[in-house]
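> the following block contains a protein sequence and its predicted model.
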Amino acid sequence: MIVTRFAPSPTGYIHIGNVRSAIYPYLLARQNDGKMILRIEDTDRVRYVEGATELIEDVLKWLGLDWDEGPIVGGNHGPYFQSERMEIYHEWARKLIESGRAYADPTSPEQIEEYRKKCNTNKTPFLYRNFRPKEIPEWQPGIPLRFKAEPKNYEWHDEVMGDMHAGPEVQDDIILIKKDGYPTYNFAHIVDDAEMGVTHVMRGVEYLSSTPNYLAIYEALGLNRPKLVSLPHILAPSGNKKLGKRDGAKSVTEYRSDGILAEAMLNYLACLGWNDGTEKEIYSKDELIEKFSLDRIQTSGARYDETKLLWMNGQWIRKIFDEQGPESLLARTEGFWPDVAKEHSPKYKLKVLSIIYDRLKTLADLREMSTYFFSDPEIDLDFLINNKFIKKMSEAEIEDLIKSAVQKLSKVDSWDADSLQQALNELLVETGKKPAELFSLIRIAISFAPFSPALNLTMEVMGRETTLARLNAVASAI
RNA sequence: GGUUCCGUCGUCUAGUGGUCUAGGACGUCUGGUUCUCAUCCAGAAAAUCGCGGGUUCGACUCCCGCCGGAAUCACCA
């Protein structure tokens, strides 16, 4: 059975660069009826941030990435917080001491720094194994434990990068257990993956160069290597660096409050560095699970492009409305309506949504784009008069036109889109105006918005009373 | 500096020796959809496939060299 894991450290918010290494393991596990484990790597007590774990869980849930073992859901291989697994690491560490593959290192950090400087001035690579202490004390709290490297050539296969190899020069005596008793990532993840039965270790390429050291530890511990999967970086929008907090990488939760749909986020991130070889662009979670394959993950880094995310979000807004129904989209708009919409019924909001949804890039656009449906706009005569189609009319003519519109519209029997369009068409004939002139005038008079849906639809949703009242108000303001 | 990885339109990518005069998508531009904005539709511009050598009848695809970029070299993960 395939077992994958997402193992973040709770050091702050998760941004787009991080989540993708949750998405791929998830897809692989689900595709193969495997298991997905969530493990919290909280061994760095200095960088630990309160509440960060909940944030991670939150983001995963939002994206629809559920886990089979881990915090909240439990499992047979817990605990799932590394800080609660100390005895386990120490037990494995003792095995290494017994087999002579680990030693307590009494050397002070200052001394180590000196060694390092010496190498720098001699321009030789710094390898700690060249400075092993003469006297090895008993391992006890307060003394770090180091791996004893036996450097040699390593070959391995990376499911994404292909066949890899590395020489002895990259293997060193890395720290297994820190002086505070907590294990390092380098040691803890190996123990945990083994104990938890993880079959596919998926992580960013930054770990690729440490792999020979990990391979040595697997060997010393008598463990089988899991399959290794290196994920390429997501690059910052500009420059050539990997996307990080400093490049303004937004928290995933921030995208949620900016009105990005979870479907779009998942779709975009999954396809940033992966594709199924066809020309398909829009994938649902189920489609991703079906089509995903490790060997189609890109080997080079992919630049993060927010414009494409936005486009995809628009696609998803329309897809949900069209395929899952207007109510389904409405359900996701909570919190995105303008304040003035508070008093209005869901039914009315649904009507509004139905005529403006195809111009939304994000749900947050609702705030700017729907205000005039819920409250009377401020009359701004300059805005009206400066319109390129209205500019050439005199004020008297404008007033006349609005008045005839009021007259015509108040006679409409049934206030629906078709009847309204018919009335507008008749008005066009009667006034001898072009659609651009007459419709722009009415549109602006009832909305004072830079843009709005088709005029007949807008009036239908607004209702007879509001439409006529606003037209009258403008006529008397001129 | 050592080690490792990467290199096709501005961006994400298709491409596994001939079907590539290099395909799609985002973005950009043009036109259409009785008004605006958007959707949708049609179309355009945009890649001498990092560079230079080979191998081959033939290379984006295989080999070598170079150049460029990135990652890593912590008692961080």
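Looks like it came in fine. Numbers count the residues shown, from 1 in each chain, chains lettered A, B, ... in the order given.
> pLDDT weak spots in chain A?
Filtered on pLDDT under 70, chain A yields the residue ranges A:248.
> for A:Asp163, helix, strand, or coil?
Assigned by DSSP: H, G, I helix; E, B strand; the rest coil, the conformation of A:Asp163 is strand.
> helix, strand, or coil at the closest residue to it other than its chain neighbours?
Leaving out its chain neighbours, the residue that sits closest to A:Asp163 by CB to CB, 6 or more residues apart in numbering is A:His157, at 5.6 Å. All C-beta atoms are positioned from the backbone trio N, CA, C, and that covers glycine. Each residue gets one of three states, and A:His157 gets strand by three-state DSSP.
> A:Arg132 is in contact with A:Phe147, isn't it?
No - look at A:Arg132 against A:Phe147 with CB atoms under 8 Å: they stay out of range, at 11.4 Å.
> quickly list what's touching both of those two.
Common neighbours of A:Arg132 and A:Phe147, counting by CB atoms under 8 Å, 6 or more residues apart in numbering, are A:Asp173.
> okay, those two: which has more neighbours?
More crowded of A:Arg132 and A:Phe147, by other CB atoms under 10 Å: A:Phe147, with 26 against 14.
> what are the bridge partners for the more buried one, then?
Beta-bridge pairing for A:Phe147 (DSSP bridges): A:Ala102.
> was I right to think it contacts A:Gln171?
No - using CB under 8 Å, A:Phe147 is not in contact with A:Gln171, being 9.3 Å away.
> need the residues touching each of those two.
Here A:Phe147 and A:Gln171 have A:Asn213, A:Ala216 as joint contacts, going by CB under 8 Å, 6+ apart.
> OK, contacts around A:Ala7?
Shown in contact with A:Ala7 (CB under 8 Å, 6+ apart): A:Leu38, A:Arg39, A:Ile40, A:Glu41, A:His189, A:Asp192, A:Arg203.
> could you pull up the residues touching A:Pro71?
Shown in contact with A:Pro71 (CB under 8 Å, 6+ apart): A:Leu38, A:Ile40, A:Thr53, A:Glu57, A:Tyr80, A:Phe81.
> now A:Thr431
Listed by CB under 8 Å, 6+ apart, the contact set of A:Thr431 reads A:Leu401, A:Ser404, A:Leu438.
> in a strand, A:Ser230, correct?
Yes - counting by three-state DSSP, A:Ser230 falls inside a strand.
> so how far is RNA strand B from it?
For A:Ser230, the distance to RNA strand B (CB to the nearest atom of the strand, to the nearest Å) stands at 8 Å.
> which residues touch that residue?
A:Ser230 neighbours (CB under 8 Å, 6+ apart): A:Asp158, A:Glu159, A:Val160, A:Met161, A:Arg203, A:Gly204, A:Val205, A:Tyr207, A:Leu208.
> at 7 Å instead, please
Neighbour list for A:Ser230: A:Asp158, A:Val160, A:Met161, A:Arg203, A:Val205, A:Tyr207, A:Leu208 [criterion: CB atoms under 7 Å, 6 or more residues apart in numbering].
> tell me what it is bridged to.
With DSSP bridges as the criterion, A:Ser230 is bridged to A:Arg203.
> check the gap between it and A:Tyr207 for me.
Distance of A:Ser230 to A:Tyr207, given as CB to CB, to the nearest Å: 7 Å.
> interface residues of the stretch 51-200 of chain A facing RNA strand B?
Residues of the stretch 51-200 of chain A lying close to RNA strand B (CB under 7 Å from any atom of the strand) are A:105, A:107-109, A:112, A:116, A:123, A:125-126, A:144, A:161-162, A:164-167, A:169-170, A:175, A:178-180, A:182, A:184-186.
> show me which of those residues are buried.
Neighbour counting over those (16 or more other CB atoms under 10 Å) leaves A:Asp105, A:Thr107, A:Pro144, A:Met161, A:Met164, A:Ala166, A:Val170, A:Ile175, A:Lys178, A:Tyr182, A:Thr184, A:Asn186 as the buried ones.
> if anything else comes up later, I'll come back, but that's it for now.
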